[in-house]
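A.B. asks: missing the sequence, but the structure's below:
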């Protein structure tokens, strides 16, 4: 079976992580979301994938142009044209694929069994996976009659039901003629939902997530780490109580690993006297050093926190550097749920413990700190002693103003 993987979108709700990468390249459990999609597709029987790219396409081309052999899938790329939307992305595959094929969003987390169930239910036309969720207003909510989709409401404020579109489809090439006839939506995008009414609905069980906001990645990480096999590598003079998944040349020295699940990427050095708590993924070539605690967090590649740093319940982009004594606060004094101010307004994370989301390449000076629920863009400088109590945009340099008297 061949698959078309839609990986052209930015994913604005994932900012600041997506200022420098498409949403499909956001990391979780040590790998991009797109890697996990391809991995499960391979297990479901896919041996060829056509990946549709557009926004920050070089991130996908650089990574998967080198990694395809390790996945065991033949990968090709096609660029989405000038039009926007999921239907426009799928139209980019016209002439490059024929017969029956799968279509998968490149930024979901699901199981191969769900993909296979949709494949097996396909009888021509379109079959689409559906799943009941607790928070349907973030997704396309389906109304179904006699097993056929009768309507789709995209991200409704007051959803009528909790059965949602999984963005897992089995189709045949007749879909391209239908796509050519659709009109742009009110957002000015060509939406795949225009051709999904009348599709066969295939309700699945098991894990599925389309992470809308960065903090949703924690649940995805927990699921993925639970599935991965333990593989403790070079561990010296350390106490390990939890599950370790260590890649090549990773090492943990003179440190404490608490109960939980911990992914440590290739070339990463942890210790001495570091402390891993909760469930964590630490990317490739990171340096977690003297008396630094990482608790229930996701660190992308190349993060450095060498001295006396606390990183709790946070998502840290690639190449971020923490000066000595940097502290990430993750708990409100009133013990309330942490809210985050986004471009669309305030959003309730549903989490009582949530630290920060930091974009790629940001640097923190010594003894700086960040209050719960604040986001920091890529390429920022947070100078020594600064207390970040509001969101910081891209490329900002924040300094502490001091008044001295002699």
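C.D. replies: Noted; the coordinates are in hand. All figures in this text were calculated on a predicted structure; none of them were measured in a lab.
A.B. asks: neighbours around the residue nearest to residue 278 when sequence neighbours are not counted, how many?
C.D. replies: Distances taken as C-beta to C-beta, 6 or more residues apart in numbering place residue 296 nearest to residue 278, at 3.3 Å, with adjacent residues excluded. Every C-beta, even on glycine, is put in place using the N, C-alpha and C of the backbone. Residues lying near residue 296 (other C-beta atoms under 10 Å) number 21.
A.B. asks: cool, residue 176 as well?
C.D. replies: Residues near residue 176, counting by other C-beta under 10 Å, number 17.
A.B. asks: What helices and strands are in contact with the helix or strand containing it?
C.D. replies: According to DSSP states H and E, residue 176 maps onto helix 175-179. Judged by 3 or more C-beta pairs under 8 Å, 6 or more residues apart in numbering; DSSP states H and E, helix 175-179 is in contact with helix 86-91.
A.B. asks: What lies in contact with the very next helix or strand once past the helix it packs on?
C.D. replies: Counting by DSSP H and E, the next helix or strand C-terminal to helix 86-91 is strand 100-105. Under the criterion C-beta atoms under 8 Å, 6 or more residues apart in numbering, residues 1-6, 37, 41, 46, 90, 115, 118-119, 122, 167-173, 210 lie in contact with strand 100-105.
A.B. asks: Scan this structure for its longest strand.
C.D. replies: Counting by DSSP state E, the longest strand found in the chain is strand 163-172.
A.B. asks: Measure how it sits relative to strand 100-105, angle-wise.
C.D. replies: 140 degrees (axes from the mean of the first three to the mean of the last three C-alpha atoms, to 10 degrees).
A.B. asks: list the buried ones in strand 163-172?
C.D. replies: Using 16 or more other C-beta atoms under 10 Å as the burial criterion, the residues of strand 163-172 that qualify are 163-171.
A.B. asks: Quick one: mean pLDDT over it.
C.D. replies: Mean pLDDT, computed over strand 163-172, is 93.
A.B. asks: Stretch 278-289 too?
C.D. replies: 96.
A.B. asks: Could you do stretch 28-44 as well?
C.D. replies: 94.
A.B. asks: Where do the strands of the stretch 1-150 of the chain begin and end?
C.D. replies: Applying DSSP state E, counting those that start in this stretch to the stretch 1-150 of the chain gives strands spanning 2-6, 27-28, 31-32, 48-53, 74-79, 100-105, 109-110, 126-132, 140-145, 148-154.
A.B. asks: Next, format the ones you listed as a markdown table and append mean neighbour count and distance to residue 241.
C.D. replies: Output for the strands of the stretch 1-150 of the chain, formatted as a markdown table (neighbours: other C-beta atoms under 10 Å; distance: least, C-beta to C-beta, whole Å):
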| stretch | mean neighbour count | distance to residue 241 |
| --- | --- | --- |
| strand 2-6 | 25 | 38 |
| strand 27-28 | 25 | 23 |
| strand 31-32 | 22 | 25 |
| strand 48-53 | 23 | 39 |
| strand 74-79 | 15 | 39 |
| strand 100-105 | 23 | 37 |
| strand 109-110 | 24 | 27 |
| strand 126-132 | 22 | 34 |
| strand 140-145 | 19 | 42 |
| strand 148-154 | 16 | 45 |
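A.B. asks: Dump those strands to TSV, plus distance to residue 246.
C.D. replies: Formatted as TSV, those follow (distance: least, C-beta to C-beta, whole Å):
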stretch	distance to residue 246
strand 2-6	29
strand 27-28	17
strand 31-32	14
strand 48-53	28
strand 74-79	27
strand 100-105	29
strand 109-110	22
strand 126-132	33
strand 140-145	39
strand 148-154	41
